[in-house]
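Colleague: Sequence and computational prediction follow.
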Amino acid sequence: MTRVLVTGVTGNVGYEVAKKLQEMFVDMVGAVRNIEAARSKLGDEFTYVKLDYRSPETFIPALDGVNRIFLMFPPETDLPHFHSFIRCAKEQGIEHIVYLSVKDVQFLPFIPHYKNEKEITRQKISSTFLRAGYFMQNLNMFLLDELKTNNRIYVPAGRGETSFIDVRDVAEVAALTLTEEGKHRDKKYAITGNRSLDFYDVARVMSNILGRTITYSNPSIRDFKAYMVEIGLDESYVNAVVGVHIPTKLVLLELKRIARIHLQGHDGRFAGYRCRSFLKRATQSGIRIRVVFL
C-alpha cells in the first residue's frame, strides 16, 4: 500500500501536491516543522507529522509507515542536515523519492539542488527528479510588494529568459510519478511552460492586464540585496531569492524550446502534456490581480 510523505506542504508546491494526492485517494501525510502552525494555516485538511532537518530525532518518526516521499529543499537548510535525512530515508527502506529540483541544474554544480540530486543518486534510492522552470506564483509572493508599491518587478534576473510554470502543473506530474509503480524510476523530467520570457516581457504582459505601466528594474545582485535588507527583509531570505534568479541571470534557463514538458528520460505520455501558459494564467487571474494591486 502506498503512503506518501509530502514535504513543504504549507508552501505553494507541497500544498498542491498534497491536494492532488488526496484527489487521487492516495494515503499521504504532510511533513512540517511546526504542527500547530500548519493546522493554524491549513486546518485539518491533511494529517501532519513533525520533520525538522536540524533535529535528526524527528527523521524516523516522520518516516514511519511511509514508502514514498515528495521531497523539497528549504533554502535555509544546511546541506549536511538535509543529506542526513536522505541517508535515513535509505536506511528506513523508502522505495521512491520524487525530488523537486530546478531546470538546467546539470549546468549549475554550485547550487544545492545539484548536490542534492547527487546525494540521492549516491544512496541508490529509486528517484524522479522534477527539474521545474520559474514558478508563476512567485509573482504573488516575493515580487508582490514591489509590484503593488512601486509598479515594478524588482529581481536580479538580468536579461535572461526563463520558462514560467504553474505549480499546479508541477503537482500533477509529481502525483503521477509518486503513484505509477516503476514507471518513473531514475528519471529526470524538465518541466517548462509554453514559451520563453524575460522579465521585460513579463512587465509588458502585466501592464496590459493591470491597465497601468509595470517596469522591470533589472537591479544588480548587490543593489537588490542592499535594498531588500534596507526595507527590513531577513538577509537569509534575500539570499534565497537571489539564488532563485541567478540561473536566469546567467541565461542558462529556457532557450526557445518547444511548448510542452520536456523529458530527459522520456515518457511518451508526458510528452503530450501541455502546461498552462503564463499569458493565459495572467489573463484568467486579471480580476483578482487588480483587486490585490489597487
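Modeller: Ah, there it is.
Colleague: Residue 12: neighbour count?
Modeller: Here the number of neighbours of residue 12 (other CB atoms under 10 Å) works out to 19. Heads up, the C-betas are built off the backbone N, CA and C, glycines and all.
Colleague: From what I see, it and residue 167 are in contact.
Modeller: Yes - the pair residue 12 / residue 167 is scored as a contact, 4.9 Å apart, by CB atoms under 8 Å.
Colleague: And the pLDDT for the closest residue to residue 39 other than its chain neighbours?
Modeller: Distances taken as CB to CB, 6 or more residues apart in numbering place residue 48 nearest to residue 39, at 7.0 Å, with adjacent residues excluded. In this model, residue 48 is scored at 98, pLDDT.
Colleague: which residues does residue 48 contact?
Modeller: 9, 29, 30, 31, 32, 35, 38, 39 (CB atoms under 8 Å, 6 or more residues apart in numbering).
Colleague: Phi first, then psi, for the fifth one.
Modeller: Phi and psi for residue 32, reported as degrees, to the nearest 10, are phi -140, psi 160.
Colleague: how many neighbours does it have?
Modeller: By the measure other CB under 10 Å, the count of residues near residue 32 is 25.
Colleague: And the third one, by the same measure?
Modeller: Applying other CB under 10 Å, we find 25 other residues in the vicinity of residue 30.
Colleague: and it, which of the three is it?
Modeller: Recorded secondary structure, residue 30: strand (DSSP: H, G, I helix; E, B strand; the rest coil).
Colleague: That one and residue 6 touch, don't they?
Modeller: Yes - contact between residue 30 and residue 6 holds when scored by CB under 8 Å: they sit 5.3 Å apart.
Colleague: Now do the shared contacts for these two.
Modeller: Overlap between the contact sets of residue 30 and residue 6, as judged by CB under 8 Å, 6+ apart, is given by 14, 18, 46.
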